[in-house]
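A.B. asks: kindly return the folded structure for what I paste below:
(chains A, B, C and D)
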2 protein chains.
Amino acid sequence: MLNQSPDLDRLFHALADPARRAMVERLSRGPAPVSELARPLPMSLPAAMQHLGVLEAAGLVRSEKTGRVRTCAIEPGALSLAEQWINARRVEWERRLDRLGAYLKTLEHEGESDGSNG
Amino acid sequence: MLNQSPDLDRLFHALADPARRAMVERLSRGPAPVSELARPLPMSLPAAMQHLGVLEAAGLVRSEKTGRVRTCAIEPGALSLAEQWINARRVEWERRLDRLGAYLKTLEHEGESDGSNG
DNA sequence: CCAATACTAAAGTTCTTGCCTAACTATCCA
DNA sequence: TGGATAGTTAGGCAAGAACTTTAGTATTGG
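C.D. replies: Here you go, the predicted model:
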């Protein structure tokens, strides 16, 4: 069964682009207007705006327009969804390694008092 | 400046698809042949193979063929790159909040003994 | 008011993804 | 040996993503 999760889709997809990650990196140091986010990027302003739209759709960034300036800020909780998914995977394969270790240990001791096997 | 990082690009892009995440979820519980990874997915076997190719290119999965069976396994360290990037962002904005808090504190105490400012 | 600034909207191009089917190769097993 | 199983390769197509340029709409400040 496929664990549908459009939130994770959008989140990871948003992070998969270097321009968008650069924006997130900039914003984790504090809010910034659109033009400041766009300036270092090797692309037109409309292109940068589209990236910003992807980040907002993913919930990573919120923005608010005051006068003619749109100020963008990071949404601190958004990354935790991705983090949780990654951690869940680690927990799973660590638990699996533990089981494997325990199993190997039973093999070591097998035959000491009970040599039955399946 | 754009922090080029094709590894992160590939990694996040690989995780942005539900079919590929499903494969990673399955593999964190232990190795599996291609057909077992493909079975639950609503797509043809060749399509599933392409997803597997994306996961391998991202370094998330390794596979080895023995006889006619290709056995896939998770690459435990691969996710840590993504995790590190996410943690780095959190560190940045937490530090920023600390600075902000400290600054607000100086404002509270301003004028008590030293009202000078720069 | 008028020009500069900051952003927004629209439309079109190109490249990549994600999927398919069909055909093929390599094993395994009776 | 011959058929079933497991995977692979190739080609094609539709949709999406990432840009571009062009042409707007508000604001701001002289």
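A.B. asks: quick one: buried residues of the lowest-mean-pLDDT helix or strand in chain A?
C.D. replies: In chain A, the helix or strand scored least confidently by mean pLDDT, DSSP states H and E is helix A:78-109, which has a mean of 87. The neighbour-count check on helix A:78-109 (16 or more other CB atoms under 10 Å in any protein chain shown) flags A:78, A:79, A:81, A:82, A:85, A:86, A:89, A:92, A:93, A:96 as buried. Just so you know, the C-beta spots here come from the backbone N, C-alpha and C atoms, and that holds for glycine as well.
A.B. asks: which elements pack onto that helix?
C.D. replies: When contacts are defined as 3 or more CB pairs under 8 Å, 6 or more residues apart in numbering or on different chains; DSSP states H and E, helix A:78-109 packs onto helix A:6-15, helix B:18-27, helix B:78-109.
A.B. asks: nearest to DNA strand D, of the ones you listed?
C.D. replies: helix A:6-15 (6.5 Å; CB to the nearest atom of the strand).
A.B. asks: pLDDT (mean, whole number) over that closest one?
C.D. replies: What helix A:6-15 shows for mean pLDDT is 97.
A.B. asks: is that helix in proximity to DNA strand C?
C.D. replies: No - Helix A:6-15 lies apart from DNA strand C when judged by CB under 7 Å from any atom of the strand; the minimum separation is 8.6 Å.
A.B. asks: quick check: buried residues in that helix?
C.D. replies: For helix A:6-15, burial by neighbour count (16+ other CB under 10 Å) applies to A:8, A:9, A:10, A:11, A:12, A:13, A:14, A:15.
A.B. asks: for the residue nearest the centre of chain A, what are its contacts?
C.D. replies: Compute the mean C-alpha point of chain A, and by CA atoms, centre = their mean the closest residue is residue A:82, 3.3 Å away. By CB atoms under 8 Å, 6 or more residues apart in numbering or on different chains, residue A:82 lies in contact with A:8, A:11, A:12, A:15, B:15, B:82, B:86.
A.B. asks: if we go to 6 Å?
C.D. replies: Applying CB atoms under 6 Å, 6 or more residues apart in numbering or on different chains, we find residue A:82 in contact with residue A:11.
A.B. asks: do the same with residue A:10
C.D. replies: A:57, A:58.
A.B. asks: kindly recompute the last result at 8 Å.
C.D. replies: Per CB under 8 Å, 6+ apart, neighbours of residue A:10: A:54, A:57, A:58, A:59.
A.B. asks: the first one against residue A:19, yeah?
C.D. replies: No - in this structure, residue A:54 is not within contact of residue A:19 by CB atoms under 8 Å, at 9.7 Å.
A.B. asks: excluding its backbone neighbours, what's nearest residue A:79?
C.D. replies: residue B:86 (5.0 Å; CB to CB, 6 or more residues apart in numbering or on different chains).
A.B. asks: and what of residue A:73?
C.D. replies: residue A:31 (4.2 Å).
A.B. asks: one more: residue A:28?
C.D. replies: Nearest one to residue A:28, counting by CB to CB, 6+ apart, is residue B:92 at 4.0 Å.
A.B. asks: re earlier: surely the residue nearest to residue A:73 is in contact with residue A:72?
C.D. replies: Yes - at 6.3 Å, residue A:31 counts as touching residue A:72 under the criterion of CB under 8 Å.
A.B. asks: for the closest residue to residue A:93 other than its chain neighbours, which residues are in contact?
C.D. replies: If the residues on either side of it in the chain are set aside, residue A:93 comes closest to residue B:28, at 4.4 Å by CB to CB, 6+ apart. By CB under 8 Å, 6+ apart, the residues touching residue B:28 are A:89, A:90, A:92, A:93, A:96, B:74.
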